[in-house]
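Engineer: Provided below for reference: sequence and predicted model.
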Amino acid sequence: MKSRKRSRRGQALLEFTLAAVPMIFLLISVEEIARGMYIYTTLAHAVKEGTRYGVVHGADCAQGSSSCPVTLGQVASRIQQAGVGLDPSQFNVVLKTSGSTQTCAPLRSCMTNSATWPSSPDNNIGMPITVSGTYPFNSAISMFIPQSGSVKIGSMNFSAASQEEIRF
């Protein structure tokens with residue numbers, strides 16, 4: 001009877017280890033996927049809000065009110081406000097009209113820009129505005145993938161774009 005008990009020593013620890021390691025990996029993986037989805041969704045929302053803000057501040061809006069034309073800095077601030085949780089020093093944005101392209105790499109570099117955007121004649125009704133953005137995603141999942149050398153954190157860039165026509 002005693003020999004049977006001795007042969008089962010450590011069995012619970014071994015079973016726990018065999019079950020716990022995959023479960024921990026699964027929990028971290030689910031969390032990382034959810035974090036990635038949050039970052040991408042927030043990026044897409046921020047880019048869309050920047051586009052919406054630009055399309056309602058065109059030539060007709062400027063004729064109706066002197067405070068209506070917006071600056072590149074105001075559009076960049078609107079994108080930053082909509083991108084809750086995204087670091088503006090890592091967030092790259094490109095604002096494009098049919099005649100010009102403004103690159104904010106990073107977004108923070110355009111916050112104080114007082115140039116009117118979209119500028120004339122690209123601010124007429126029906127003219128397209130495109131706002132696109134990229135943001136890095138650093139994932140801890142790669143720690144679990146066997147690699148040569150030390151542990152490395154995987155990185156990829158998420159990108160989103162939005163295009164609309166000026167309405168006012």
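Structural biologist: Good, I have the coordinates. Residues are numbered from 1 along each chain as shown.
Engineer: give me the low-pLDDT residue ranges for this protein?
Structural biologist: Along the chain, segments meeting pLDDT under 70 span 1-7, 62, 64, 142-153.
Engineer: excluding chain neighbours, give the residue nearest to Pro118 in space.
Structural biologist: Leaving out its chain neighbours, the residue that sits closest to Pro118 by Cβ to Cβ, 6 or more residues apart in numbering is Thr97, at 4.7 Å. For glycine as for every other residue, the C-beta is placed from the backbone atoms N, C-alpha and C.
Engineer: pull the longest helix from this structure.
Structural biologist: In the chain, with assignment by DSSP state H, the single longest helix is helix 11-55.
Engineer: middle-most residue in the protein, spatially?
Structural biologist: Per Cα atoms, centre = their mean, the C-alpha nearest to the average position across the chain is that of Leu43, at 3.2 Å.
Engineer: what count of nearby residues applies to Ser67?
Structural biologist: Applying other Cβ atoms under 10 Å, we find 8 residues neighbouring Ser67.
Engineer: scratch that, Asn157 is what I was asking about
Structural biologist: Number of residues near Asn157 (other Cβ under 10 Å) recorded here: 10.
Engineer: who's in contact with it?
Structural biologist: By Cβ atoms under 8 Å, 6 or more residues apart in numbering, the residues touching Asn157 are Thr134, Tyr135, Pro136, Phe137.
Engineer: quick check: angle from the helix or strand containing it to helix 11-55?
Structural biologist: Applying DSSP states H and E as the criterion places Asn157 in strand 154-165. Interaxial angle of strand 154-165 relative to helix 11-55 (axes from the mean of the first three to the mean of the last three Cα atoms, to 10 degrees): 30 degrees.
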